[in-house]
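Participant: build me a structure from this.
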Amino acid sequence: MGSTRKRKRRRRRSWRAGAGLRRTIAIVAALLLAAFAFVIEYHGGQGGIPTWSELYTTLGVPTDGPDAQLLADSRTTVSVLDVGQGDAVLIGQDGQYCLIDTGTSESQDALVRSLRQANVTELDYLILTHPHADHTGGALAILENLQVEELLLPVWITEDGTDPWPRGLLEQAAADGTIVTEVEEGERYALGSGTVNILQGGSAWMENADDANNGSLCLLFEAGTFRYLATGDAEEASEQALVDRYGTGLASVLYKAGHHGSSTSSGETLLSVVRPQAAAISCGVDNEYGHPNAAALRRLADIGAEIYRTDTMGTVTFTYENGVLSAVTSREELDAAA
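Facilitator: Okay, here's the model as predicted:
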């Protein structure tokens, strides 16, 4: 009797699993049929293949990424992508794109989907500022799903000689035909009519093996009168080195707050020379680190910067045209305890 009951339970579980599988297949088939029907209708009516953005819209896939039409219509854009407690920033110039950092592995699917919905399928550059998982977690997914011309990495020498980057990253880049370049300070990389300037970064800037934040690549993007400064997770020691070397040459229209708005970044010395019109903070909702820190927010407010946060506003896309900086958020601002 006991043996028979066990067989029945196994059969019932198997039947339920089969039913669930059939439902899943049915849903996937329906979505594929809808997409196929849309492709046929679109192709027949307009003579072209629909974009990822159009397919996602038709299938009702939610998005929290940059608006495809806004990117297409704007010459200069900086999109601070909502990847939770991590960093990923898309710079667009004249239809060419550079992605700086890739968020966490948990956010990689959302990151790829956001870029596809924005009709960004090719990157001139993928830049990783330093080997922390909240900045590199989606790198493999980006290489696997987008065409990346060049992967830019800081020179990073570990004490034990191991590769600090995500496992399989360099192999995937080689398989995809992506050029891998170790960058050095003073180098410049063209992006459309703009330029990505490497200011400093790499393991040589670390005071010790645990100081990877201060080894972050610090970048300045310039296009005409527009200037965007990004310092990765650099903290006060690295910020001081930037000021000592570049001084008021760091002045920028837009600044991404260092280390997700932590108390040890975006110090008064740096902000006194950058003096941005706007500052963007990339951090997760109710994150365990308390980012952004209240003191950092006060310092940004004290210099008159307008503050934008991914935890309360979602993805923030900045455009710059005729000397005017504008911002569009992917959702209405939420209340924040900070």
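
Participant: use CA for all of it now, contacts and neighbours both
Facilitator: OK.

Participant: can you give me the helices for the protein?
Facilitator: 2-46, 52-59, 68-73, 108-117, 133-136, 139-145, 169-176, 236-246, 268-274, 294-302, 310-313 (DSSP state H).

Participant: and the fifth one, C-alpha only, in PDB?
Facilitator: Yep, that's helix 133-136 we're talking about. What follows is helix 133-136, C-alpha atoms only, in PDB (Å, rounded to 0.1, in the frame of the first residue of the first chain):
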ATOM      1  CA  ALA A 133      31.300  42.800  -8.800                       C
ATOM      2  CA  ASP A 134      28.800  45.700  -8.600                       C
ATOM      3  CA  HIS A 135      30.600  47.300 -11.600                       C
ATOM      4  CA  THR A 136      31.600  44.200 -13.600                       C
END
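
Participant: residues contacting it, please?
Facilitator: Outside helix 133-136, the residues within contact range by C-alpha atoms under 8 Å, 6 or more residues apart in numbering are 85-88, 101-105, 128-130, 165-166.

Participant: determine which two of those are furthest apart.
Facilitator: Q85 and W165 (18.9 Å; C-alpha to C-alpha).

Participant: more neighbours: which of those two?
Facilitator: Q85 (22 against 18; other C-alpha atoms under 10 Å).

Participant: pLDDT value on G304, please?
Facilitator: Note for G304: predicted pLDDT of 97.

Participant: swap in the one 5 residues further on?
Facilitator: The model reports R309 with a pLDDT of 96.

Participant: show me where the stretch 201-338 of the chain has its strands.
Facilitator: Using DSSP state E, counting those that start in this stretch, the strands of the stretch 201-338 of the chain run over residues 218-223, 226-230, 254-256, 278-281, 306-309, 316-321, 324-329.

Participant: any idea how far the closest residue to L169 other than its chain neighbours lies from A257?
Facilitator: Among residues not flanking L169 along the chain, L140 sits closest, at 5.9 Å (C-alpha to C-alpha, 6 or more residues apart in numbering). Counting by C-alpha to C-alpha, to the nearest Å, the gap from L140 to A257 is 25 Å.

Participant: looking at the contacts of helix 133-136, which is nearest A68?
Facilitator: A88 (17.1 Å).

Participant: re earlier: can you redo the contacts of helix 133-136 as JSON lines with pLDDT and distance to A118?
Facilitator: Output for the contacts of helix 133-136, formatted as JSON lines (pLDDT from 0 to 100; distance: C-alpha to C-alpha, whole Å):
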{"residue": "Q85", "pLDDT": "95", "distance to A118": "22"}
{"residue": "G86", "pLDDT": "96", "distance to A118": "20"}
{"residue": "D87", "pLDDT": "97", "distance to A118": "18"}
{"residue": "A88", "pLDDT": "98", "distance to A118": "15"}
{"residue": "D101", "pLDDT": "98", "distance to A118": "17"}
{"residue": "T102", "pLDDT": "98", "distance to A118": "16"}
{"residue": "G103", "pLDDT": "97", "distance to A118": "17"}
{"residue": "T104", "pLDDT": "96", "distance to A118": "20"}
{"residue": "S105", "pLDDT": "96", "distance to A118": "20"}
{"residue": "L128", "pLDDT": "98", "distance to A118": "21"}
{"residue": "T129", "pLDDT": "97", "distance to A118": "23"}
{"residue": "H130", "pLDDT": "95", "distance to A118": "26"}
{"residue": "W165", "pLDDT": "95", "distance to A118": "27"}
{"residue": "P166", "pLDDT": "94", "distance to A118": "26"}
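
Participant: if anything else comes up later, I'll come back, but that's it for now.
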